[in-house]
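Asker: build the 3D model from these lines:
(chains A and B)
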2 protein chains.
Amino acid sequence: MAEDPIYLGLLGFGNVGSGTLQTLQENRQSIALKAGRPLKVKLVADVDWKRPRPVQVDISEDQKTEDAFAVVEDPDIKIVIECIGGLEPAGELVLRALRNGKNVVTSNKELIAKRGREIFEEADRHKVDIRFEGAVAGGIPIIRPLKESLAGNRIKRMMGIVNGTTNYILTRMTQEGSEFAAALAEAQERGFAEKDPTDDIEGYDAVNKLAILASIAFESRVNVEQVYREGISGVGAADIEYARRLGYTVKLLAIGEDTPEGLELRVHPVFLSLSHPLAAVGGVFNAIWVQGSSVGDVMFYGRGAGVLPTGSAVMGDVIEVARNIQHGATGRLACTCFSDKPVKDIAETETKYYIRTAVKDRPGVLGKIATVLGDAGVSLASVLQTRASGEAAEIVWVTHNVKEAKVREALDKVRALESVEQICSWARVEE
Amino acid sequence: MAEDPIYLGLLGFGNVGSGTLQTLQENRQSIALKAGRPLKVKLVADVDWKRPRPVQVDISEDQKTEDAFAVVEDPDIKIVIECIGGLEPAGELVLRALRNGKNVVTSNKELIAKRGREIFEEADRHKVDIRFEGAVAGGIPIIRPLKESLAGNRIKRMMGIVNGTTNYILTRMTQEGSEFAAALAEAQERGFAEKDPTDDIEGYDAVNKLAILASIAFESRVNVEQVYREGISGVGAADIEYARRLGYTVKLLAIGEDTPEGLELRVHPVFLSLSHPLAAVGGVFNAIWVQGSSVGDVMFYGRGAGVLPTGSAVMGDVIEVARNIQHGATGRLACTCFSDKPVKDIAETETKYYIRTAVKDRPGVLGKIATVLGDAGVSLASVLQTRASGEAAEIVWVTHNVKEAKVREALDKVRALESVEQICSWARVEE
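Answerer: Residues are numbered from 1 along each chain as shown, chains lettered A, B, ... in the order given. Alright, predicted model coming up:
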């Protein structure tokens, strides 16, 4: 092994940064052997060196700086590890590093999802590596397996549980029969949800991740605006109980499919058949299920977030980049968005639907709704009628496969029926 | 993209060979873009061109040869794909190809497990690639995720369902309550077990795969002789029923653990807690669960065998090698067996045990056995007594964690008791 170290520079020293350095420090020798050269941290930039860190890492005073630009301009540093997060200043720093001929490893999902094209083009221009395994599903290897191990496949479909916060909330609602607000409060108390949980519970985080995964899987750049999005705040304890009775569990899924009419890209709550491998993925765990033309069904499962899991992903990328530096082969894995596929509107999606209606408890209501649905071209797979306290009753419907446009039309007509109090909720069903 | 093709040569054109070529033909354009150059098959060697193939692939007459050595000697061919299987002539051909400066992709588990060291050293000497993703768990990406994505971790433990035949048989026994012989016959009828099923059902196949996985995970070369092996032919319908009643399912697991006293390496039937992610892996599916120092628990799941899944793995490797050729970086990922760790004897394994005893149906038997077990240092977690027809009864025991040596000693003493008819079976338990 060559003794000459490869110098690393870190941008940001919060959770991901310290998880990355702890991983490096714990396994320094083995990592050096795998990389072919010792890896040495030259500079770590952070705006606040006084805040507490989640893990204990040794950094000497001369490694610390408050000037992030000093890192991307340092001529010794060959690999810049971006752990700031968000669009700016991370974006400017990453582009500057690439322009300076440095390789970049990042776990910044928002940056890659929203400015991926620009970043990959810059990396390509300078023949350097840009790697981002930690951007999706924490430590679970998914970016490289998709991009490399499964490269011989045409990926037809993927479904992922890619947000631990929402999966934890839905798991607790299922276990406890609790309502969304209570489960969210518990998740916040236990540190599994942010004080402002919007990004997670409304699905924005999952949209970023799906945009990244779909771009790789379908070899076509996906913009976040092209992804249909619905969060989980509308899921009620009643929906989860009906799901159970019908053989489903409720999950927030990120779904991508390559169809002849274009890409289907959507993040929303799903009634998922209990027999699907993703149904058993509980708590904060993530999993991504992929269907390829040759490989068939594969699934990747693990912790989707956390200081050390994300550090594991970042370190795996750093080792790979170091190996490429060692062999003069940086830039060997370029962007694979070769085509520009159209994206289908959500109205064109065809799937099964769950519909929960509150109705006046009088004879003939079920028949009336069924007729309206049937006339609109929505055929029914099962019906469940329950009596609530007082005058109202609930009827729950599961449809056969049908276009979403038709379901939306039909629901407008059902809503207009005098005997229907309201459409309490409806959701897409996946088997 | 450069237009100059990279020439491939195939050794053997059975299942894996035709699955590989079908994968290449179906996605030729996308594969060329990913590889950086078109991939072209120059020669395919097979001893019998008349036998039927599982999939339809176009090969022209001038690509066909019966002389495998012509492939490894051809100066145009840069990547040799070995799909013959077995130790010889595959071993000689692979070594010859490496010596001729050719890169090799193989899915031959026996060859890699038994002659890995020699093969990796030869590849290293000639700075060429040797890749073998298809050797373990078919199309599931596991070799590269372990070796690359998780490279920053110290892998502590892994448990895998790596043999589809035995998993199918155990799944059917569980679903149908059938005995081993009936389930095996059904598996043979449906093409999931060979006419001579020894290699699968006695665990030899799983041992090869564990040797490969453990060598990578623990960074220490594991020889197949170092792996403890027990097959599933001794598992009875009664054991599977007791497992269910106790909250377990019976699986043939390949288990590796890096302990301070050395590596634990074992393939045998396990009473696996139903709450473990591997417990839900049914039928011919495979899955490998890995515990890393940073990443925590991750699991990889999919089809562990089959023409196209294995073709997917092989093609992923071929694309990676082509990219390395294109960037002058072959040999960049060398063998990672840096250390030489001792291997623990199975007697030193510490785990929980399930023990099924047939006893004479008379008062005090349970107490007598419990006393013998307790005196031998085997403490008990649960006991289940059932009455069979006639005079005999069965008592089933689950122990707390204890060294296997103590269990074996204790069982000898139990067996000697006058009131004990026999030890019907015993197995290790994992939670």
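
Asker: and the residue lying closest to A:E261 once chain neighbours are set aside, how far from B:A182?
Answerer: The shortest distance from A:E261 to any non-neighbouring residue, by C-beta to C-beta, 6 or more residues apart in numbering or on different chains, is to A:K344 (5.8 Å). Any C-beta I mention is one placed from the backbone N, CA and C, and that applies to glycine too. A:K344 sits at a distance of 48 Å from B:A182 (criterion: C-beta to C-beta, to the nearest Å).

Asker: between the two, who's got more neighbours?
Answerer: A:K344 (19 against 15; other C-beta atoms under 10 Å in any protein chain shown).

Asker: so what are the domain limits for chain A?
Answerer: A:6-139+A:307-326, A:151-303, A:346-430 (automatic domain parsing).

Asker: average pLDDT for the shortest one?
Answerer: Spelled out, it's domain A:346-430. Averaged across domain A:346-430, pLDDT comes to 93.

Asker: out of the domains of chain A, which comes closest to B:Q291?
Answerer: domain A:151-303 (10.1 Å; C-beta to C-beta).

Asker: centre of the chain to the closest one, how far?
Answerer: Centre-to-centre, domain A:151-303 and its host chain are 7 Å apart (C-alpha atoms, centre = their mean, to the nearest Å).

Asker: same question for stretch A:424-431.
Answerer: Per C-alpha atoms, centre = their mean, the centroid offset for stretch A:424-431 relative to its chain is 20 Å.

Asker: give me the buried positions along it.
Answerer: Across stretch A:424-431, burial judged by 16 or more other C-beta atoms under 10 Å in any protein chain shown covers A:424-430.

Asker: can stretch A:75-85 be said to contact chain B?
Answerer: No. Using C-beta under 8 Å from any C-beta of the partner chain, stretch A:75-85 never reaches chain B; the gap is at least 12.0 Å.

Asker: got the buried residues for that stretch?
Answerer: So, applying 16+ other C-beta under 10 Å, buried residues of stretch A:75-85: A:77-85.

Asker: just flag the most distant two among those residues.
Answerer: For the buried residues of stretch A:75-85, and using C-beta to C-beta, no pair is farther apart than A:K78 and A:G85, which are 22.6 Å apart.

Asker: does the residue of the stretch 51-200 of chain A found nearest chain B count as helix, strand or coil?
Answerer: Closest residue of the stretch 51-200 of chain A to chain B, C-beta to the nearest C-beta: A:G152 (2.9 Å). At A:G152 the chain is in coil, as set by DSSP: H, G, I helix; E, B strand; the rest coil.

Asker: please report phi then psi for the residue nearest to A:E261.
Answerer: Here is the backbone geometry of A:K344 (degrees, to the nearest 10): phi -70, psi 150.

Asker: now do the helix or strand encompassing A:T20, average pLDDT.
Answerer: A:T20 belongs to helix A:15-26 when assigned by DSSP states H and E. In this model, helix A:15-26 carries a mean pLDDT of 94.

Asker: contact residues of the stretch 1-150 of chain A facing chain B?
Answerer: Close to chain B, as judged by C-beta under 8 Å from any C-beta, the stretch 1-150 of chain A has residues A:19, A:22-24, A:26-27, A:30-31, A:33-34, A:133, A:138-141, A:144-145, A:148-150.

Asker: filter those residues to the buried ones?
Answerer: With burial judged by 16+ other C-beta under 10 Å, the buried subset of the residues of the stretch 1-150 of chain A next to chain B is A:19, A:22-24, A:26-27, A:30-31, A:33-34, A:133, A:138-141, A:144-145, A:148-150.

Asker: just the terminal-to-terminal distance for stretch A:340-348.
Answerer: Across stretch A:340-348, the terminal residues are separated by 19 Å (C-alpha to C-alpha, to the nearest Å).

Asker: what comes into contact with it?
Answerer: When contacts are defined by C-beta atoms under 8 Å, 6 or more residues apart in numbering or on different chains, stretch A:340-348 is touched by residues A:218, A:220-222, A:226, A:228, A:258-259, A:261-266, A:403-405, A:408.

Asker: just the CA coordinates of the helix or strand just after the helix holding A:T20, formatted as PDB?
Answerer: Using DSSP H and E, the helix or strand that follows helix A:15-26 in sequence is helix A:28-35. The C-alpha atoms that make up helix A:28-35 are tabulated as PDB, following Å, rounded to 0.1, in the frame of the first residue of the first chain:
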ATOM      1  CA  ARG A  28      -9.000   3.500  10.000                       C
ATOM      2  CA  GLN A  29      -6.600   0.600   9.200                       C
ATOM      3  CA  SER A  30      -9.000  -1.600   7.300                       C
ATOM      4  CA  ILE A  31     -10.300   1.500   5.400                       C
ATOM      5  CA  ALA A  32      -6.800   2.500   4.400                       C
ATOM      6  CA  LEU A  33      -6.200  -1.000   3.100                       C
ATOM      7  CA  LYS A  34      -9.400  -1.000   1.000                       C
ATOM      8  CA  ALA A  35      -8.800   2.500  -0.300                       C
END
